[in-house]
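Enquirer: Quick one: sequence and predicted model below, then my questions.
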Amino acid sequence: MATLVTVAPLFLGTEPFPTAAYLVSMLMGVGFAIAAAGVLRTIAVQRRQARETRQVRSAR
């Protein structure tokens, strides 16, 4: 959505945003990468916990 808002003036023929707005919009990819890394880290932690739980139950 933010990308559409940023490039809309280019297609609508209105006054373009300042250069800083375009630079900030390029940071969206960085935010997506950070979020994806957090999801992958959470998955790894949950898998490790499940594996440990299985090992404890099988030892009993």
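Expert: It's in. Numbering: from 1, shown residues only.
Enquirer: In contact with residue 21, which residues?
Expert: The contact partners of residue 21, taken as C-beta atoms under 8 Å, 6 or more residues apart in numbering, are residue 6. Every C-beta, even on glycine, is put in place using the N, C-alpha and C of the backbone.
Enquirer: now do 10 Å
Expert: 2, 5, 6, 9 (C-beta atoms under 10 Å, 6 or more residues apart in numbering).
Enquirer: secondary structure element for it?
Expert: Counting by DSSP states H and E, the element that carries residue 21 is helix 19-25.
Enquirer: Give the next helix or strand downstream of that helix.
Expert: With DSSP H and E setting the assignment, the helix or strand that follows helix 19-25 is helix 28-59.
Enquirer: ok so, going back, may I see the PyMOL selection of the buried members of the contacts of residue 21?
Expert: Only the buried members of those end up in this PyMOL selection, burial being decided by 16 or more other C-beta atoms under 10 Å:
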select buried, resi 6
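Enquirer: Among the contacts of residue 21, which one lies nearest to residue 53?
Expert: In terms of C-beta to C-beta, no member of those lies closer to residue 53 than residue 2, at 40.9 Å.
Enquirer: my read: that closest one touches residue 29, true?
Expert: No - in this structure, residue 2 is not within contact of residue 29 by C-beta atoms under 10 Å, at 11.4 Å.
Enquirer: Can you list phi and psi of residue 16 for me?
Expert: phi -70, psi 160 (degrees, to the nearest 10).
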